[in-house]
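Colleague: Fold the following.
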Amino acid sequence: MADKIETRSSVAEEPMDTLPLMGSAKAQIQAVPLPRRLDRGSALGVVLLVAAGLVLPFLLQNFYTFQLTLAMVYAIALLGLNMLVGYNGQISLGHGALYAIGAYIAAILMNSFDWPYWAAIWPAGIACLVFGYFFGLPALRLQGHYLALASLALAVTTPQVLKHKALEDYTGGFSGIVLSKPDVPFGLPINQDQWLYLFVYAIMLVLFLIAYNLLRGRIGRAMIAIRDQPVAAEAMGINSAIIKTSTFGVSAFYTGVAGALSAIVVQFVSPDSYDFFLSVTLLVGIAVGGFATISGAIYGALFILLVPNFAGELSKSAPWAIYGVLLILVMYFMPTGFAGLVRRAGTLIRRRMGY
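Modeller: Numbers count the residues shown, from 1 in each chain. Predicted structure coming up:
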């Protein structure tokens, strides 16, 4: 008996990279497209894309610049949700509530306490991180649809709480809060929409870089191991409770920051803007973009922002019917999302070129 205990202890102390996996667990974990170390060609492509993103606001009209800024805000929220759902396997229908909490904290700090917009973002994210972590504690006892229902309750109740009379002096009740568009700092020769684009773009790049480094390391592999084979993950010495609650907290942080940025970009928050449909929309975004992918957050954000507008232009009488048909077609022909399609296309091109 002592030998068995000693053997288990020694296994638990090994680095996760060297821990043995049995059968299907190893196959499933290795099948997941973890973020890879960029080779020279891929790194050059990323640099060119980042440079192109910096130029875009100076080539587009203000309305399209605003649309792209909002798409980047959604991309941050989708990345946070994908960490939880795609990489860790916890289903959430309540991230719309976290988005609302982040938006309202930033709006209240700016409207009632005269905080600068750039400083109001991080308290919103940290508050959502703490809230998400403690919400994740009871969620440890819930799996699958039970966790989805618990998070659904959060999404349904949050707008009602924001309308309550006890908070009306801060939240504005049913009317919400109107904010002013931030001025361009340092006398830069650009307009406000261009500045907001660059401001959100910089934050998005930093958060995406943090997520890339987090998910391609031991923590990312631990998240996937818990998702695919929780028993095997425990046997390898992974603390499932800490990983799950921490993932929920980090996911909530990203969503809270996105909510705060949305309040700054849109200059308005109201309870009716953060109903249950927002949570469903975010879930649709990661499904369309691609589960367990980083780039899928960008594709999903563009889809949930632009496709409803496109459907409305096609049919004024039944835009959501058009949206539903497009969504079905996308999921039927691209079951791994846009990220999977791009990945397969890149592999095919490299093979044709002999790489």
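
Colleague: for stretch 343-355, which positions count as buried?
Modeller: For stretch 343-355, the buried set under the neighbour-count rule, 16 or more other Cβ atoms under 10 Å, comprises Arg343. For every residue, glycine as well, the C-beta is placed using N, CA and C.

Colleague: For the chain, give me the ranges with low pLDDT.
Modeller: When the per-residue scores of the chain are filtered using pLDDT under 70, the ranges that remain are 1-41, 355.

Colleague: can you give me the strands for it?
Modeller: With DSSP state E as the criterion, the chain has strands at 177-178, 268-269.

Colleague: Number of residues surrounding Asp114?
Modeller: Counted by other Cβ atoms under 10 Å, the residues lying close to Asp114 total 7.

Colleague: Roughly how far does it sit from Arg216?
Modeller: Summarising the geometry, the distance separating Asp114 from Arg216, computed by Cβ to Cβ, to the nearest Å, is 41 Å.

Colleague: What count of nearby residues applies to the nearest residue to Thr336 once chain neighbours are set aside?
Modeller: By the measure of Cβ to Cβ, 6 or more residues apart in numbering, the closest residue to Thr336 outside its immediate chain neighbours is Gly290, 5.8 Å from it. Other residues within reach of Gly290 by the criterion other Cβ under 10 Å amount to 26.

Colleague: same thing with Ser42?
Modeller: As a burial measure, the neighbour count of Ser42 was computed by other Cβ under 10 Å and equals 12.

Colleague: measure it to Gly346 for me?
Modeller: Look at Ser42 and Gly346: by Cβ to Cβ, they are 9 Å apart.

Colleague: if I look at the two, which residues touch both of them?
Modeller: Both Ser42 and Gly346 lack any common contact, where contact means Cβ atoms under 8 Å, 6 or more residues apart in numbering.

Colleague: Distance check, the closest residue to Trp122 other than its chain neighbours against Leu70.
Modeller: Take Trp122 and drop its neighbours on the chain: the residue closest to it by Cβ to Cβ, 6+ apart is Val257, 7.7 Å away. Applying Cβ to Cβ, the value for Val257 to Leu70 is 14 Å.

Colleague: can you check His145 too?
Modeller: Computed as Cβ to Cβ, the His145 to Leu70 distance reads 31 Å.

Colleague: next one: Gly324
Modeller: 22 Å.

Colleague: Compare those two (neighbour count), which wins?
Modeller: The residue with more neighbours, out of Gly324 and Leu70 and counting by other Cβ under 10 Å, is Leu70; that gives 19 against 12.

Colleague: ok, the more buried one touching Ile264?
Modeller: No. Counting by Cβ atoms under 8 Å, Leu70 stays clear of Ile264, with 11.0 Å between them.

Colleague: tell me the contacts of Ala339?
Modeller: With contacts taken as Cβ under 8 Å, 6+ apart, Ala339 has the following neighbours: Gly289, Gly290, Thr293, Ser295, Gly296, Tyr299.

Colleague: contacting residues around the nearest residue to the last one once chain neighbours are set aside?
Modeller: Using Cβ to Cβ, 6+ apart and skipping the chain neighbours, the partner closest in space to Tyr299 is Phe338 (3.7 Å). Taking Cβ under 8 Å, 6+ apart as the contact definition, Phe338 lies against Val288, Gly289, Gly290, Gly296, Tyr299, Gly300, Phe303, Val330.

Colleague: Is there a neighbour count for the fifth one? I'd like the number.
Modeller: If you count neighbours by other Cβ under 10 Å, Tyr299 ends up with 23.

Colleague: what's the answer for the fourth one, then?
Modeller: Number of residues near Gly296 (other Cβ under 10 Å) recorded here: 29.
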